[in-house]
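In: coordinates only, sequence not included:
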DNA sequence: CAGTGGTCTAGACCACGTG
DNA sequence: ACGTGGTCTAGACCACTGA
């Protein structure tokens, strides 16, 4: 049944991704509404001309998204309409804004080449005093400022920033085109009051609750690429996380700032 | 594998879980420090007498925890020491507190059988006006109040609460003993200012930033069991998320050609 | 180039759930 | 009792990494 229409550059997409996309679309379109049961794995395998292992791989993706749940002995159930994929959206304000139907905008506050502090050097796996690039932007949804983004890039990545139009570009999308791949991220989320600078940049009273997302992102081989401290207006943004007994992506740790 | 003797009512744990636990322990103990490369999948398979598929299953768990990363063509690398995390710790303040070496404590504020609001009924998949149990507790670490827990249980679960000593017991652990299984959860996390009641319960000034975690938990088959609104002192607690690029996140359907 | 992980298949047995 | 998902094996080919 496979339609091998090959367009442009895109070549081999793994079968399980195509199957997952198809099932995801069927759930979103209402073909498999929440609460309904999916066809059995054997049926899906036969219908798509793939092995059961491939079907299970596809279903495991949907399970990780919180879209379906499976139990031994019973058919998988649809839990909810899946949200758009998380990784890119957790990283990229632009991608996230567009998924909301908003036009992502930004205001550049500062881009500066400087020396890494000891804490930064440690977390970026470089030497203290090595050069890094610090970037500060205020991001808007519509006309409203909703977050402050303070990012520290390692030198090799930061050097590429000069070519970008930082007022509008999505850094992550542009860097991806240049071969800089962000593959893993660790986020620490907490609440804190806006300090004087936060308040000025977001045009809010000092002390307003902000949601802080600290992030450390690495390349596929684990090399640190950036640190980020993003502060969202608590009323404008929230994070959604789904987890299951087997799949846990969320962890609660004792606070006190600094992620070590 | 070779002759394995069944001893009585041996509980048999899947091989991939045992292998994952072993690798996790080796990483924590320093046998595989962050930055180091793991043995190849073939070597791990041979060393443990299992197939490569089982090894991959185990590694996928560690990858989901953010402990290891793998790329095609290269050996998997250790990213970080995994923090212990179980689904239970996410739900259960008690389990989490104990993992910190603290004695979990709580102060019961209210337990009441009442009628579900429309919004609650909708999210719990029951009829508006059906009976639910509302529970409010203040949880302490040491002597310090760090969170307010407001939970709404469906009737069948709430009925079991009467038997518990809510000042000390972990609800989730006790309910698990009674066969109530919490399997999936969806969390919404945001920042908000403490209102007058929050402030009184936590003994803090009104307006103090709190981290709110709203949660909806379901049984393995997707039946909603509880809603919860937990508010943490922003300075006492933070959440950590690890994620990786799953190929699904690269999936982007665009009509026209790929333009830079 | 050899080694490695990524994908996929085919088949097997088991534990569980539902009628 | 039967169908279902959960686990596991063995083997195959490919795409990629790294010396």
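Out: Perfect, I can see it now. What you are looking at is a predicted structure, and each value in this text was computed from that prediction instead of being measured.

In: tell me, how many neighbours does the residue in the stretch 101-250 of chain A positioned nearest to DNA strand D end up with?
Out: Here the residue of the stretch 101-250 of chain A nearest DNA strand D is residue A:221; by CB to the nearest atom of the strand that distance is 6.0 Å. Just so you know, the C-beta spots here come from the backbone N, C-alpha and C atoms, and that holds for glycine as well. Per other CB atoms under 10 Å in any protein chain shown, the neighbour tally for residue A:221 reads 17.

In: didn't it look like it was pressed against residue B:73?
Out: No: counting by CB atoms under 8 Å, residue A:221 stays clear of residue B:73, with 10.8 Å between them.

In: So which residues on chain A come close to DNA strand C?
Out: For chain A, the residues in contact with DNA strand C (CB under 7 Å from any atom of the strand) are A:14-16, A:49-54, A:57, A:71-74.

In: Could you confirm whether the lengthiest helix in chain A reaches DNA strand D?
Out: Counting by DSSP state H, the longest helix found in chain A is helix A:15-29. No: using CB under 7 Å from any atom of the strand, helix A:15-29 never reaches DNA strand D; the gap is at least 12.1 Å.

In: repeat for stretch A:59-78
Out: Yes: using CB under 7 Å from any atom of the strand, we find that stretch A:59-78 touches DNA strand D at A:70-76.

In: Narrow these to those in helices?
Out: Per DSSP H, the residues of stretch A:59-78 next to DNA strand D never map to helices.

In: buried residues in stretch A:41-55?
Out: The neighbour-count check on stretch A:41-55 (16 or more other CB atoms under 10 Å in any protein chain shown) flags A:41, A:44-45, A:48, A:50, A:54-55 as buried.

In: and residue A:244, what does it touch?
Out: A:63, A:66, A:69, B:87, B:183-185 (CB atoms under 8 Å, 6 or more residues apart in numbering or on different chains).

In: Any quick PyMOL command for the buried ones out of these?
Out: To isolate the buried ones among these in PyMOL, judged by 16+ other CB under 10 Å, type:
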select buried, (chain A and resi 63+66+69) or (chain B and resi 87+183+184+185)
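
In: Restricting to the buried residues of stretch A:41-55, which residues neighbour DNA strand D?
Out: Applying CB under 7 Å from any atom of the strand to these, one finds that residue A:41 fall near DNA strand D.

In: The buried residues of stretch A:41-55 in helices, which ones?
Out: Per DSSP H, these map to helices at A:41, A:44-45, A:48, A:54-55.

In: As JSON lines, those with distance to residue A:191 and pLDDT would be great.
Out: Below are those laid out as JSON lines (distance: CB to CB, whole Å; pLDDT from 0 to 100):
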{"residue": "A:41", "distance to residue A:191": "42", "pLDDT": "97"}
{"residue": "A:44", "distance to residue A:191": "43", "pLDDT": "97"}
{"residue": "A:45", "distance to residue A:191": "46", "pLDDT": "97"}
{"residue": "A:48", "distance to residue A:191": "45", "pLDDT": "96"}
{"residue": "A:54", "distance to residue A:191": "43", "pLDDT": "97"}
{"residue": "A:55", "distance to residue A:191": "42", "pLDDT": "98"}
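
In: Of those residues, which is the nearest to residue B:175?
Out: residue A:41 (30.9 Å; CB to CB).

In: Roughly how far does the closest one sit from residue A:190?
Out: According to CB to CB, to the nearest Å, residue A:41 and residue A:190 sit 41 Å apart.

In: Residue A:52 now?
Out: Remark: distance between residue A:52 and residue A:190 (CB to CB) = 43 Å.

In: do you know how far residue A:172 is from residue A:154?
Out: Applying CB to CB, the value for residue A:172 to residue A:154 is 15 Å.

In: more neighbours, those two?
Out: Remark: of residue A:172 and residue A:154, residue A:154 carries more neighbours, 22 against 19, as counted by other CB under 10 Å.

In: Please, where are all the strands along the stretch 1-150 of chain A?
Out: Using DSSP state E, counting those that start in this stretch, the strands of the stretch 1-150 of chain A run over residues A:68-71, A:74-78, A:104-115, A:131-141, A:144-154.
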